[in-house]
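Participant: Show me the folded form of this:
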Amino acid sequence: MLVFSISYSQNEISVVQKDKSEFKVSFEDDFQTLKIKNSKTKQVQIINNLEASITGKSSHLEINDYNFDGFTDFASFHTDDGMGVYTIYEIFIFNPKTKQFDNLNFPSNFSPKCDMFCDVKIDKITKTLTSSCRGGARNHTDVWKYDKNKKLILSKTQSY
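Facilitator: As a prediction, the model looks like this:
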C-alpha cells in the first residue's frame, strides 16, 4: 500500500513518506535550485543547476512513485522553450537509506530517442515510464523500466 501525503503550490510541496519522514521541497533562485528540508531532522539537501526554462517559463513540482518502490519521489517540470508543445521533466528518486533525493539520469549505455524525460507518463501496472518528444517531423517514444537490480533500462523506443 502506497501511503503519502501531498500538498501543492507552484513553488513548494510537502511529502510524507511511508516511513513517516516528511520533507518540504521548494524552488529557489528562479527555479535553478531546489531546497529539500527534512522536517524531523532539520537536515537540508540543496540541488543546484536544475533544468530550467531560459525564456522565463515557470517550473512546477509533481509527486509520484517514479521507480515503483513504494516511496514517494518528485519531479520538477516546465514546458519547453520552443513552441511549448511538450513538458520537460527532471526526476528525483527518494533514497530511504540516505533520506535524500537522487537525480534520475539516463543510463549511458542506452540510446533513447528523447534526450531528456519529456511528457512523462507512468504505468503502475507495467511499471514503466514513457517519455515522448518530437524531432523534426517525427514523434518519438521511449519506454523505460527497472531491471531486477533496480537499475533503469530502456525497454523500447519507437518513432512515427
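Participant: who's the residue nearest to the spatial centre of the chain bridged to?
Facilitator: For the chain, the residue nearest the mean C-alpha position is residue 91 (1.8 Å; CA atoms, centre = their mean). For residue 91, the residues forming beta bridges with it (DSSP bridges) are residue 75.
Participant: My read is that it contacts residue 105, right?
Facilitator: No - Residue 91 is beyond contact range of residue 105, at 9.0 Å (criterion: CB atoms under 8 Å). In short, each C-beta sits where N, CA and C put it, glycine included.
Participant: related to what we said a few turns ago, residues in contact with the residue nearest to the centre of the chain?
Facilitator: Residue 91 makes contact with 66, 73-75, 103-104, 117, 120 under the criterion CB atoms under 8 Å, 6 or more residues apart in numbering.
Participant: Show me which of these are buried.
Facilitator: 66, 73-75, 104, 117, 120 (16 or more other CB atoms under 10 Å).
Participant: Of these, just say which sits nearest to residue 52.
Facilitator: For those, the minimum distance to residue 52 (CB to CB) is 13.3 Å, reached by residue 75.
Participant: any idea how far the closest one is from residue 111?
Facilitator: Going from residue 75 to residue 111 by CB to CB, to the nearest Å gives 23 Å.
Participant: so where's this structure uncertain?
Facilitator: Applying pLDDT under 70 to the chain flags residues 1-10, 53, 84.
Participant: mind giving me the domain split of it?
Facilitator: The chain breaks down into these domains under automatic domain parsing: 1-104, 107-160.
Participant: about what we covered before: just curious, which of the contacts of residue 91 is nearest to residue 96?
Facilitator: Closest approach to residue 96 among the contacts of residue 91 (CB to CB): residue 73, at 11.2 Å.
Participant: If we ignore the residues flanking it in sequence, what's nearest the closest one?
Facilitator: residue 66 (4.4 Å; CB to CB, 6 or more residues apart in numbering).
Participant: From residue 143, how far out is the one you found?
Facilitator: From residue 66 across to residue 143, the span is 14 Å (CB to CB).
Participant: Name the residues contacting each of the two.
Facilitator: In contact with both residue 66 and residue 143: residue 129, using CB under 8 Å, 6+ apart.
Participant: How about the residue in the chain that sits furthest from its center?
Facilitator: The chain, CA atoms, centre = their mean, max distance from centroid: residue 137 (26.7 Å).
Participant: strands paired with the host helix or strand of residue 140, and their directions?
Facilitator: According to DSSP states H and E, residue 140 maps onto strand 138-146. In the sheet containing strand 138-146, its partner strands are strand 128-135 (antiparallel), strand 152-159 (antiparallel), by DSSP bridges.
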